[in-house]
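Participant: Quick check, what structure comes out for this input:
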Amino acid sequence: MNELISPLVSRDTESLISHLTSLLTSSQPSVIAIDGKCGSGKSTLAGFLAAHFDAALVHMDDFYLPFDMRTRERLDEPGGNVHYERFHKEIYLPLKERPYPTGLNEPVCTYHIFSCATGTLTETRTLPSKPLTIIEGSYCMRPEFRDLYDLSIFLDITDSLQQKRLQNRVGPEAMNSFNEIWIPLENRYFDTGISDICSITFRIR
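Facilitator: Take a look at the predicted model:
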């Protein structure tokens with residue numbers, strides 16, 4: 001398993017898999033959230049679980065806020081850095097309203113992908129209907145979305161390890177943007193008590 005989630009191997013991972021297996025015994029589809037700090041391993045954990053359970057996977061990175069919406073007022077809002085209006089329309093509502101199991105082999109919806117490089121919506125992606133859907137990324141536990149989830153996971157990480165991982169991922173030149181913009185925006189959102197309302201918290205050290 002990837003080193004990013006190696007702290008979750010054995011007891012923690014087995015317990016999580018057991019919990020999700022129990023969820024899937026229901027006659028209704030399940031949706032889980034994986035929120036947490038950047039560099040904590042959210043995408044890696046989500047990818048592992050998606051492969052293990054043949055689950056559908058949605059990344060909140062695809063719903064970052066367009067450049068023309070990034071006003072000071074919006075960015076001062078905890079969790080305002082995500083285009084939550086579009087996520088609500090393109091993902092939340094289709095998942096809440098989908099027929100099941102009648103629609104199991106039918107796509108749930110088609111949604112747009114935001115490109116951080118261009119600041120535009122560059123393509124579309126189809127979300128398949130699966131017994132398990134995983135929503136992964138910071139801001140997925142905004143209040144508007146919480147009733148969608150049957151289980152929520154928060155990944156915490158120490159500041160020192162976060163800095164080390166981000167340096168390895170983006171390089172030293174990009175670290176200024178993370179430390180001056182993206183991490184403070186995330187922390188403003190996390191300070192509203194996101195980890196406290198999640199079903200499970202893993203602390204990566």
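Participant: is it true that residue 178 touches residue 159?
Facilitator: No: Residue 178 lies out of contact with residue 159 (Cβ atoms under 8 Å); the separation is 11.9 Å. C-beta: built from backbone N, CA, C; applies to glycine.
Participant: how deep is residue 193 tucked in, by neighbour count?
Facilitator: Residue 193 has 9 neighbours, counted by other Cβ atoms under 10 Å.
Participant: Test of understanding: give the bridge partners of residue 154.
Facilitator: residue 35, residue 201 (DSSP bridges).
Participant: so what's it up against?
Facilitator: The contact partners of residue 154, by Cβ atoms under 8 Å, 6 or more residues apart in numbering, come to 35-36, 141, 194-195, 198, 200-202.
Participant: Go through stretch 81-95 and flag the buried ones.
Facilitator: 81-84, 86-88, 90-92, 94-95 (16 or more other Cβ atoms under 10 Å).
Participant: do the same with stretch 159-168
Facilitator: 162-163, 165-166.
Participant: Please apply the same query to stretch 187-201.
Facilitator: 188-190, 194-195, 198, 200.
Participant: Would you mind measuring the gap between the ends of it?
Facilitator: In stretch 187-201, first residue to last residue: 16 Å (Cα to Cα, to the nearest Å).
Participant: One more: stretch 32-47?
Facilitator: End to end - Cα to Cα - stretch 32-47 spans 13 Å.
Participant: same thing with stretch 52-70?
Facilitator: End to end - Cα to Cα - stretch 52-70 spans 37 Å.
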